[in-house]
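Trainee: I would like the atomic coordinates for the input below:
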Amino acid sequence: MKSFRPALMSASLGRAWIHDFESKARQAAKHGFEGIEIFYEDLEYFARRLHNTMEPNAEQLINAAEHMSELLHKLNLEVIGLQPFLFYEGLLDREQHARLIEKIQLWFKIAKRLKTDTIQIPANFLPAEQLTGDMNVIVSDMVDLADLGLQQDPPIRFAYESLCWSTHIDTWEKSWEVVQKVDRSNFGLCLDTFNIAGRVWADPASPSGKTPNADSELKDSIARMVRDVDLKKVFYIQVVDAERMDSPLVKGHPFHTDGCPPRMSWSRNARTFIYETDRGAYLPVEGIARALIEDMGYTGFVSMELFSRTMSEKGEHVPEEHARRGIEAWKMFVQRLNLN
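Mentor: Numbering: from 1, shown residues only. The predicted structure follows:
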């Protein structure tokens, strides 16, 4: 029997500096979510409040993770992963690389306290002048991390995710190439419908909201994914949509930020849950999800990850509203894909 379980990222319920983690977790549980991705920023703010400090040290962060875990256990919420371990691979600054290798040891301890075996790594999106762009260096860096994860008891897995605005690894195809070359049992993919569609099909800076030849190129890309990707290397999936912009997201647009790629600004401000057409959702994410589930055979947690300007609104209604929207999207997803 196939098993599918809904999960939500903690940040999807509201910004950490505005909405406390406990209220967000309670809303997620109340509305029927079974899993949660812990956003590191939520852990950091939880530790600040717990220990009354602006700069929690390693011991305080680990202690905060223990308290989080106790709360989530009472709410019957499983931690499916800790994210994001940012700006790691392919750095020109090898001293910073060494510092991040030290930092991952703390993340291992936090992950264990949270009772999760998965850390998510988004592909690096630092400016190109700070990165090598050399696939051999990227792979070598990931091998270092994967081997450290294998030394843990139990082993720690790494879910690598291409972002549609990442500097070099900006498609699932490139992230899959990295995974294949790393060739470690604990190094796999996080596949996100937004980032897949947001790169090959959508373009928020275009008047049409789409790339040239969007439909045919997405169709070909999905066919390759179904054919080439080893399901055992898909650690979990995220299903989310985004708004079509009323005008191209270029200089002068309310979401534009100098030095920030349009797709990044779009992602931070204008994601939606799947099927929220009343909020402008327009990406062909159901088709991508069908390929993952029906054609590739994925089962397990489906994370309804969201970033949006709506998360920065103040008020106790914000976590509840996002949890409600998320579970409504999940129920529609279950119905349309016949996942019962």
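Trainee: if I look at residue 218, how far off is residue 196?
Mentor: According to CB to CB, to the nearest Å, residue 218 and residue 196 sit 8 Å apart. Yep, even glycine has a C-beta here, placed from its N, CA and C like the rest.
Trainee: Quick check: neighbours shared by those two?
Mentor: Residues touching both residue 218 and residue 196 (CB atoms under 8 Å, 6 or more residues apart in numbering) are residue 288.
Trainee: more neighbours, those two?
Mentor: Neighbour count, other CB atoms under 10 Å: between residue 218 and residue 196, residue 196 has more, with 28 against 22.
Trainee: Next one, pLDDT for the most centrally placed residue in the chain please.
Mentor: Geometric centre of the chain, nearest residue: residue 305, 6.4 Å, by CA atoms, centre = their mean. We have a pLDDT of 90 for residue 305.
Trainee: Over to residue 1?
Mentor: Predicted confidence (pLDDT) at residue 1: the value is 44.
Trainee: isn't there a helix covering residue 336?
Mentor: Yes - applying DSSP: H, G, I helix; E, B strand; the rest coil, one finds residue 336 inside a helix.
Trainee: Could you number the chain from 366 rather than 1 from now on?
Mentor: Done: numbering now begins at 366, and the last item shifts to residue 701.
Trainee: quick one: it from residue 688, how far?
Mentor: Where residue 688 is concerned, residue 701 sits at a distance of 21 Å (CB to CB).
Trainee: Look at these two and report which has more neighbours.
Mentor: Shown here are residue 701 and residue 688; by other CB under 10 Å, residue 688 has more neighbours (25 against 13).
Trainee: residues contacting the more buried one?
Mentor: 373, 378, 389, 392, 393, 395, 396, 398.
Trainee: Could you tell me which of these are located in strands?
Mentor: Under the assignment DSSP state E, the contacts of residue 688 contribute residue 373 to strands.
Trainee: Report the buried members of the contacts of residue 688.
Mentor: Buried by 16 or more other CB atoms under 10 Å: 373, 378, 389, 392, 393, 396, 398, out of those.
Trainee: If we only consider those residues, which is nearest to residue 500?
Mentor: Nearest to residue 500 among the buried ones among the contacts of residue 688: residue 373, at 33.7 Å, using CB to CB.
Trainee: Across the sheet, point out what pairs with the closest one.
Mentor: Note on residue 373: beta-bridge partners residue 401, judged by DSSP bridges.
Trainee: Go ahead and confirm residue 668 touches residue 445.
Mentor: Yes - assessed by CB atoms under 8 Å, residue 668 is found in contact with residue 445 at 6.7 Å.
Trainee: Tell me which helix or strand comes right after the helix or strand encompassing residue 555.
Mentor: Assigned by DSSP states H and E, residue 555 falls within strand 552-557. Once the chain leaves strand 552-557, the next helix or strand it forms, by DSSP H and E, is helix 558-565.
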